[in-house]
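Student: fold the following, please.
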Amino acid sequence: MRAASTPATAALIQGAWAAGVCLVPLSRRLPDAHARALALRAGCAQIWDTLPEFSGDGDPGRDEHDPAALGLLLFTSGTGGEPKAVRLSRRALMAAAGAACLRLELTHDDYWCACLPLDHIGGISTVLRSLLAGFTLHLHASFSAAAVREDLDVSATGASLVPTMLHRVLQAGRAPWAAQVRVLLLGGGPLDPELARQSLALGRAPCQTYGLSECASQVCTLSPDEAAAGIGTAGTPVAGMEVSLTHAGAIRVRGSSLMDGYDTGRHDRTSNDEVESSPFDADGWLTTGYLGSFDALGRLTVLGRHDDVIVSGGEKIAPHLVEAFLERHPAITEAAVYAEPDPEWGHRVCAVLVAYGAPLSDPEMRDFLHGLADFQRPKQWRWAAALPRTPVGKLQRQKLHLR
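Tutor: Numbering: from 1, shown residues only. Predicted coordinates:
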């Protein structure tokens, strides 16, 4: 399906679940040729742009279908390269929805501000949680900081956001969060602790989460009660999930919401024999592309993608820490850091910046950068109207390089 963020799409997701139909969501932002190519890879007979009718008397509240059957074939965002087709069983999807409802204490009384696209696991998982817990969804066709802020000011008890969205929502209004707001669920990348503290100063700390499509969304999440004390971490694993680190610090995951594997494109939606060679080790662990660490309470801190780490003159630099520093300047609304080859240092740190108004002059930038260690300072920077992002707001770092 070409998934617009509308009530019809939410009804399609829930209706397909009741009918036992596997969905393959495709973004409406994709060019038609690209969407057709992904649909062909998935073995789809048809691409829907409108709500189809399903036969049968399925009841969303009563799952009579095989829990091992494929419920969702989801293409990853491709931020690390070519999109992969993730095979998620009905069992994995419902385990993830149940664990999220438990950790976030979601009930039928909640009213959720849903502004993540419904072709992405963050948006789809919200719809499945509402199916399980019975809460109300307020769907936003596209992200508007003013509209989300108004939703939270008036009636929403929670919202799913990425850090960039929270940053813009805070820009849209600095009044305290309304009393009914319980959960500001933050995923999609490392969260700047300063941004979290700004939110806390308004009365509600974000519930940071670490998740991935391969686990049907959340792996670790801070509960509303833990959010203020856990700033800078993504909390502990949700029910049914385990997290460990390799010797090199790479995050490994396994548990009840883990995917069956990646699809081979052989067009057989019924048998796991069609899954490519296993991405799991002998003990069932999936090694992700992210680095992390644990604190004394077992809370996970996500340090970023391992292939984003910059090594310059023997020093390791985490781009998200430099970006967080840059975005604290009142004239910089967004920053993205990346590396270019350097004959002396191996790599040099570079940045793309988005200004609130007029860009800073070079002398002003150099003066501001003295707040960073010398090896962290961008040696080159340029100003842009916007940063390259996926539809859900994730930075496409590979598109930053100088042309």
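
Student: quick one: list the elements packing against the longest helix seen in the chain.
Tutor: In the chain, taking DSSP state H as the definition, the longest helix is helix 90-104. In terms of contacts (3 or more CB pairs under 8 Å, 6 or more residues apart in numbering; DSSP states H and E), helix 90-104 is packed against strand 70-75, helix 121-133, strand 217-221. Just so you know, the C-beta spots here come from the backbone N, C-alpha and C atoms, and that holds for glycine as well.

Student: which one of these lies nearest to P391?
Tutor: helix 121-133 (9.7 Å; CB to CB).

Student: quick check: angle from the closest one to helix 90-104?
Tutor: 80 degrees (axes from the mean of the first three to the mean of the last three CA atoms, to 10 degrees).

Student: angle of helix 121-133 against strand 70-75?
Tutor: Going by the same axes, to 10 degrees, helix 121-133 makes 160 degrees with strand 70-75.

Student: ok, and what's touching the very next helix or strand once past helix 121-133?
Tutor: Moving toward the C-terminus from helix 121-133, the next helix or strand (DSSP states H and E) is strand 136-139. With contact meaning CB atoms under 8 Å, 6 or more residues apart in numbering, strand 136-139 is reached by 5-7, 10, 110-114, 118, 126-127, 130, 151, 155-156.

Student: 7 Å - rerun?
Tutor: Applying CB atoms under 7 Å, 6 or more residues apart in numbering, the contact partners of strand 136-139 are 5-7, 10, 111-114, 126-127, 130, 151, 156.

Student: so which of those belong to helices?
Tutor: Among the contacts of strand 136-139, the ones falling in helices (DSSP H) are 7, 10, 126-127, 130, 151.

Student: what's the closest of the residues you listed to A99?
Tutor: After measuring the ones in helices among the contacts of strand 136-139 against A99 - CB to CB - the closest member comes out as T126, at 13.8 Å.

Student: give me phi/psi at T301?
Tutor: Main-chain torsions, T301, degrees, to the nearest 10: phi -110, psi 120.

Student: buried residues in stretch 286-305?
Tutor: 286-288, 290-292, 299-305 (16 or more other CB atoms under 10 Å).

Student: export the residues you listed to a markdown table and append columns for distance to P378, pLDDT and secondary structure.
Tutor: As requested, those are exported to a markdown table (distance: CB to CB, whole Å; pLDDT from 0 to 100; DSSP: H, G, I helix; E, B strand; the rest coil):
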| residue | distance to P378 | pLDDT | secondary structure |
| --- | --- | --- | --- |
| L286 | 34 | 98 | strand |
| T287 | 31 | 97 | strand |
| T288 | 27 | 94 | strand |
| Y290 | 23 | 91 | strand |
| L291 | 21 | 90 | strand |
| G292 | 25 | 92 | strand |
| R299 | 31 | 97 | coil |
| L300 | 28 | 97 | strand |
| T301 | 24 | 93 | strand |
| V302 | 23 | 91 | strand |
| L303 | 19 | 84 | strand |
| G304 | 17 | 82 | strand |
| R305 | 19 | 84 | strand |
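
Student: dump stretch 97-105 to PDB, keeping only the CA atoms.
Tutor: Output in PDB follows, covering the C-alpha atoms of stretch 97-105 (Å, rounded to 0.1, in the frame of the first residue of the first chain):
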ATOM      1  CA  ALA A  97       2.600  -3.600  20.900                       C
ATOM      2  CA  GLY A  98       1.900  -5.300  24.300                       C
ATOM      3  CA  ALA A  99       5.400  -4.400  25.700                       C
ATOM      4  CA  ALA A 100       5.000  -0.800  24.700                       C
ATOM      5  CA  CYS A 101       1.500  -0.500  26.200                       C
ATOM      6  CA  LEU A 102       2.900  -2.000  29.400                       C
ATOM      7  CA  ARG A 103       6.000   0.200  29.600                       C
ATOM      8  CA  LEU A 104       4.100   3.400  28.700                       C
ATOM      9  CA  GLU A 105       1.100   2.500  30.800                       C
END
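
Student: in it, which residues are buried?
Tutor: Here stretch 97-105 shows 97-101, 103-104 as buried, counting by 16+ other CB under 10 Å.

Student: tell me the contacts of F294?
Tutor: L300.

Student: closest to Q14 out of the helices and strands packed on helix 90-104?
Tutor: Short answer: helix 121-133, nearest of the helices and strands packed on helix 90-104 by CB to CB, at 5.2 Å.

Student: ok, and for the closest one, which residues are buried?
Tutor: Going by neighbour count (16+ other CB under 10 Å), the buried part of helix 121-133 is 121-133.

Student: how far out from the middle of the chain is it?
Tutor: Helix 121-133 sits 14 Å away from the centroid of its parent chain (CA atoms, centre = their mean, to the nearest Å).

Student: what's across from T209 in the sheet?
Tutor: Under DSSP bridges, the beta-bridge partners of T209 are T221.

Student: including distance to R348, could the ones in helices among the contacts of strand 136-139 go into JSON lines?
Tutor: Listed next are the ones in helices among the contacts of strand 136-139 as JSON lines, based on distance: CB to CB, whole Å:
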{"residue": "P7", "distance to R348": "49"}
{"residue": "A10", "distance to R348": "46"}
{"residue": "T126", "distance to R348": "41"}
{"residue": "V127", "distance to R348": "44"}
{"residue": "S130", "distance to R348": "47"}
{"residue": "D151", "distance to R348": "43"}
